[in-house]
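*Asks:* any chance you could fold what I've pasted below:
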Amino acid sequence: MTIRFNPDLYSDVVAGLNNNNVQQSTAFQELSTGRRVQQPSDDPSATADVINIHWQSAQTDQYAQNVNNLQGLLQTADSTMSSVISSLNQAISLGVQSGDSTLSPTNRATIATQVQNIGKQILTLANTSFQGTYIFAGTKSGQPAYVANPASPNGVTYQGNSNTNQVEVAPGQTVTMNTPGSQLFTNPSGDVFAALTNLATAAATGNGVPAAVDQLKTAFDTVNAQRTQYGTSLNQLQTAQTFLATNKLGLSTQENSAVGIDLAQAASDVQKALTQRSAILAAGGKIQNVSLLDYLK
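*Replies:* Reported below is the predicted structural model:
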């Protein structure tokens with residue numbers, strides 16, 4: 001009978017420890033990162049899926065950034081229009097007061113000045129900017145939308161244009177980010193500045209006040225109707241925001257399914273590697289007591 005005896009048992013122990021170190025390292029890394037795929041070669045198919053998921057996630061992040069930027073602009077515009085409507089209400093009230101035939105010329109002059117001041121306030125509001133962009137100038141947003149022009153019948157000149165910008169806030173979904181001043185303040189259906197100019201004149205003279213008040217009310221109705229666009233756009237942004245948050249969560253779940261670990265299995269692998277290491281070390285500790293005679297017993 002032939003008996004084979006390995007005179008270098010330590011090499012077996014060292015090899016076992018090296019292999020165990022690899023197993024431990026892999027198990028600990030998976031447990032600490034939560035990922036079973038650490039490099040493309042671990043699972044090429046899953047890696048390809050993750051690359052696509054990351055691309056979709058980056059797109060979602062860009063849409064979310066668009067929503068955040070647009071939200072600030074639209075909220076500023078909506079708040080501005082709220083101030084415009086409040087100012088117009090005040091002007092209408094002053095117009096009604098000026099219809100009192102018993103008013104003195106001094107009182108009429110005071111009311112006319114107040115109406116003119118409201119016109120100046122609205123001119124300032126019409127030139128509101130957000131992060132350096134004049135929000136009511138159409139797409140010519142690098143300069144104020146309006147300038148005062150005493151030679152103009154309505155007292156102003158519009159420097160913007162009638163164009164609008166669309167921003168994509170979700171796949172296939174766009175939101176209008178601006179309403180031109182020509183549509184809001186100098187709309188042929190209701191010119192705010194013309195109505196205020198005519199009301200100031202009527203209030204000062206006492207002539208044609210009812211017609212001037214009606215003209216301003218028409219302008220008010222036009223502004224109020226146009227303002228609803230901002231509310232609609234803000235609601236669209238809220239819907240898009242909800243969709244993007246849900247989509248982001250779904251992509252995270254997909255990535256975890258593709259390369260994530262089974263936590264219970266990962267913990268078991270760590271424990272298994274530690275147990276094997278203890279066994280190898282224990283075996284190594286007995287080698288010094290092993291001799292050829294042990295195998296001949």
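
*Asks:* please make it C-alpha for all contacts and neighbour counts, starting now.
*Replies:* Will do.

*Asks:* how about low-confidence regions in this structure?
*Replies:* 1-43, 45-47, 50, 254-297 (pLDDT under 70).

*Asks:* show me where the stretch 101-250 of the chain has its helices.
*Replies:* 105-126, 181-184, 192-205, 209-259 (DSSP state H, counting those that start in this stretch).

*Asks:* who does the last one touch, helix- and strand-wise?
*Replies:* Think helix 209-259. helix 44-98, strand 166-170, strand 173-176, helix 181-184, strand 190-191, helix 192-205 (3 or more Cα pairs under 8 Å, 6 or more residues apart in numbering; DSSP states H and E).

*Asks:* winner for burial among the helices of the stretch 101-250 of the chain?
*Replies:* With neighbours taken as mean count of other Cα atoms under 10 Å, the helices of the stretch 101-250 of the chain reach their highest mean count in helix 192-205, at a mean of 24.

*Asks:* that one vs helix 44-98, what angle?
*Replies:* 20 degrees (axes from the mean of the first three to the mean of the last three Cα atoms, to 10 degrees).

*Asks:* need the contact list for Met177.
*Replies:* 70, 73-74, 164-167, 233 (Cα atoms under 8 Å, 6 or more residues apart in numbering).

*Asks:* please redo it, this time with the cut-off set to 10 Å
*Replies:* Contacts for Met177 (Cα atoms under 10 Å, 6 or more residues apart in numbering) come out as 70-71, 73-74, 77, 135, 138, 164-167, 229-230, 233-234.

*Asks:* do the same with Gly160
*Replies:* By Cα under 10 Å, 6+ apart, Gly160 lies in contact with 134-146, 180-182.

*Asks:* can you tell me which of the residues you listed end up in strands?
*Replies:* 134, 146 (DSSP state E).

*Asks:* which among the contacts of Gly160 end up buried?
*Replies:* Using 16 or more other Cα atoms under 10 Å as the burial test, the contacts of Gly160 include 134-141, 143-146, 180-182 as buried.

*Asks:* do you know how far the closest residue to Gln159 other than its chain neighbours is from Ser152?
*Replies:* Leaving aside its chain neighbours, Gln159 sits nearest to Ala145 (5.2 Å; criterion: Cα to Cα, 6 or more residues apart in numbering). Separation of Ala145 from Ser152 (Cα to Cα, to the nearest Å): 15 Å.

*Asks:* and Val169, by the same measure?
*Replies:* For Val169, the distance to Ser152 - Cα to Cα - is 40 Å.

*Asks:* okay, those two: which has more neighbours?
*Replies:* Using other Cα atoms under 10 Å, the more surrounded residue of Val169 and Ser152 is Val169, with 24 against 10.

*Asks:* contacting residues around the residue nearest to that one when sequence neighbours are not counted?
*Replies:* Nearest-residue entry for Val169: Tyr63, 4.9 Å, with adjacent residues in sequence omitted and distances by Cα to Cα, 6+ apart. For Tyr63, the contact set (Cα under 10 Å, 6+ apart) comprises 57, 69, 167-171, 240-241, 244.
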